[in-house]
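In: curious how this folds, go ahead:
(one chain, ligands or ions: 1)
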Amino acid sequence: MPQIADAQTPSPPARSAAAVPAIKVPLLDLRGQYQAIAAEIMPILEKVCESQQFILGRYVTQFESAAADYCGCREAIGVSSGTDALLLACMALGIGPGDAVVTTPYSFFATAGAVARAGARPLFCDVDAASFNIDPAAVRALLEQHCERRAGELVHRSSGTRVRALLPVHLFGQCVDMAALRALALEYRLRLIEDAAQAIGAQCADGARAASVGDVGCLSFFPTKNLGAFGDAGMCTTQDASLAEHMRVLRVHGGKPKYYHAFIGGNFRLDELQAAVLQIKLRHLDAWTAARARNAELYAQMFSRAGLVERIGLPAAAAGARHVWNQYVIRAERRDALRAYLTQRGVGTEIYYPVPLHRQQCFAHLGHAAGEFPIAERAAAESLALPIFPELQPQQLQYVVECIAAFYS
Ligand SMILES: *Cc1c(COP(=O)(O)O)cnc(C)c1O
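Out: Coordinates of the predicted model:
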């Protein structure tokens, strides 16, 4: 239900007294979802506590098998976070120093961070303006124009690194054009890792689910994702049984049998308590996704009725595919002023992401200049995420649209 602003809300300056928010619309509020399922979850948590089996117990196994089915994958390996899923994928595929991974400059930091932590170099390619996802044409241009075959290896000319993999991100809940990337991976003999942290349940136009197409799919169950744990959690998926086995060994420090280490792994385990929560929540995911899609549809209708579709860029969902709307991201003129205006009126927003990855200070050594990936840079300057979570009421969406209309009028 819409919340009435409480008496503690600081009063805005007198000259804008009319702007006291009547309704509050947070970017995300997980309390309603929890209340609806608390009665299902608490008894399971008690069971785990009574068993005192906190590490790799039956709930991890059960959740892995349910999540593998849900994603259309043969295998799923529960891990400690989405970030660790990406790192584990790189490690399992033997990506390390001297290697390069082709990825997007417009994502959460962990995408390129994991590549760098594996010791490899992120090679950025610009995104597509409509979907914000990596543009397969830009990937092809990079591989054709800036790389060459030397002794059977694909070498990125200017850095001298071996190009090993493509790492697309299904940003905001919408699938990358995986058919095109898979064709490129086959043609150039590259591994394909999907960052599906924001996209569990999303489908490509051909019906393939996010995290089921590449060599490894990486999921995050961070609380703000569509399937959120009660803390950090993640998963690697694959169709390849031997790769799955390798990831399972690397998840426990690379020891198999225990205390005998042919490989250096890490502690990448998914907690039993988190698996118990996630296993329950997975049963509700399709209903929550449907509510997100309904909210996206309502926004589109409301923005159109308010005459705003010329003014702001609405997110485009590719026809025939399944967008799961982890975020509803518009493009806005005078974005920062709009955001301040909405904050003052009780509407929560966020900027995903203000600094594209190639412009992050920690990647300065890669030598990318401003303007090198102009579509990603423009997206970083214009994008604004609006509230889209399943429990939102139509009046709350209407209020968001009215506030935006008022800002531009
Ligand atoms: C959330 C996220 C991650 C990292 O997941 P964590 O579980 O928070 O470590 C990686 N990539 C993308 C695109 C994400 O949105």
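
In: which residue does the stretch 251-400 of the chain have closest to the ligand?
Out: Using C-beta to the nearest ligand atom, the closest approach of the stretch 251-400 of the chain to the ligand is made by residue 326 at 7.6 Å. (C-beta placed from N, C-alpha, C; glycine too.)

In: and for the chain?
Out: Residue nearest to the ligand within the chain (C-beta to the nearest ligand atom): residue 82, separated by 2.4 Å.

In: need the nearest residue in space to that residue, chain neighbours excluded.
Out: Closest residue in space to residue 82, ignoring its immediate chain neighbours: residue 220 at 2.5 Å, by C-beta to C-beta, 6 or more residues apart in numbering.

In: where does the stretch 1-150 of the chain come near the ligand, residue by residue?
Out: 81-83, 107-108, 110-111 (C-beta under 6 Å from any ligand atom).

In: any idea which of these is closest to residue 237?
Out: The shortest approach to residue 237 among these belongs to residue 82, at 12.1 Å (C-beta to C-beta).

In: is that closest one in contact with residue 198, as I believe?
Out: No. Residue 82 is beyond contact range of residue 198, at 9.0 Å (criterion: C-beta atoms under 8 Å).

In: just to revisit the earlier point, give me the three-state assignment for the residue of the stretch 251-400 of the chain closest to the ligand.
Out: coil (DSSP: H, G, I helix; E, B strand; the rest coil).

In: which neighbouring elements make contact with the longest strand along the chain?
Out: Using DSSP state E to define each element, the chain has its longest strand at strand 161-167. With contacts defined as 3 or more C-beta pairs under 8 Å, 6 or more residues apart in numbering; DSSP states H and E, strand 161-167 has these neighbours: strand 99-103, strand 121-124, strand 153-156, helix 178-188, strand 191-195.

In: switch to 7 Å and redo it
Out: In terms of contacts (3 or more C-beta pairs under 7 Å, 6 or more residues apart in numbering; DSSP states H and E), strand 161-167 is packed against strand 99-103, strand 153-156, helix 178-188, strand 191-195.

In: run through this structure and note the low-pLDDT ranges.
Out: The chain contains residues with pLDDT under 70 at 1-21.

In: nearest residue to the middle of it?
Out: The centroid of the chain falls nearest to residue 198 when counting by C-alpha atoms, centre = their mean (2.7 Å).

In: quick one, what contacts that one?
Out: If you count contacts by C-beta atoms under 7 Å, 6 or more residues apart in numbering, residue 198 has them with 170-173, 225, 326.

In: which pair in those residues spans the largest distance?
Out: 171 and 225, at 12.7 Å, using C-beta to C-beta across the contacts of residue 198.

In: so if I had to pick from the two, which one is more boxed in?
Out: With neighbours defined as other C-beta atoms under 10 Å, residue 171 and residue 225 compare such that residue 171 has more, 28 against 21.

In: so residue 256 touches residue 248, yeah?
Out: No. With contacts counted by C-beta atoms under 7 Å, residue 256 stays clear of residue 248, the gap being 8.4 Å.

In: looking at these two now, which is surrounded by more residues?
Out: Set residue 256 next to residue 248 and count neighbours by other C-beta under 10 Å: residue 248 wins out with 20 against 17.

In: the more buried one belongs to a helix?
Out: Yes. The assignment for residue 248, made by three-state DSSP, places it in a helix.

In: can you give me the strands for the chain?
Out: Using DSSP E, the strands of the chain run over 75-79, 99-103, 121-124, 147-150, 153-156, 161-167, 191-195, 216-220, 234-238, 328-331, 383-386.

In: okay, now residue 80: neighbour count?
Out: 21.

In: ok, now which ones touch it?
Out: Contacts of residue 80 by C-beta under 7 Å, 6+ apart are 232-234, 268-270.

In: for residue 51, same thing?
Out: Going by C-beta under 7 Å, 6+ apart, the list of residues near residue 51 reads residue 57.

In: 10 Å instead?
Out: 57-59, 272 (C-beta atoms under 10 Å, 6 or more residues apart in numbering).

In: which of these has the most neighbours?
Out: residue 59 (25 neighbours).

In: so that residue makes contact with residue 233?
Out: No. Taking contacts as C-beta atoms under 10 Å, residue 59 lies outside contact range of residue 233: 11.6 Å.

In: overlap in contacts, those two.
Out: Joint contacts of residue 59 and residue 233 (C-beta under 10 Å, 6+ apart) are 78, 270-271, 273-275, 277-278.

In: and residue 323, how many residues sit next to it?
Out: Neighbours around residue 323, by other C-beta under 10 Å: 24.

In: thought it was touching residue 203?
Out: Yes. In terms of C-beta under 10 Å, residue 323 counts as a neighbour of residue 203; the distance is 8.8 Å.

In: between the two, what contacts are shared?
Out: With C-beta under 10 Å, 6+ apart as the test, residue 323 and residue 203 both reach 174-175.

In: what's the neighbour count on residue 49?
Out: Using other C-beta under 10 Å, residue 49 is surrounded by 12 other residues.

In: identify the residues contacting it.
Out: 273, 276.

In: what sits closest to residue 321 if chain neighbours are left out?
Out: Counting by C-beta to C-beta, 6+ apart, residue 205 is the residue found nearest to residue 321 once chain neighbours are left out, at 4.8 Å.

In: that neighbour contacts residue 319, correct?
Out: Yes. Contact criterion C-beta under 10 Å: residue 205 and residue 319 qualify, at 7.4 Å.

In: when these two are compared, which one has more neighbours?
Out: Shown here are residue 205 and residue 319; by other C-beta under 10 Å, residue 205 has more neighbours (14 against 6).

In: what residues are up against the more buried one?
Out: Taking C-beta under 10 Å, 6+ apart, one finds 175, 177-179, 318-322 in contact with residue 205.

In: could you do residue 262 as well?
Out: 249, 254-256.
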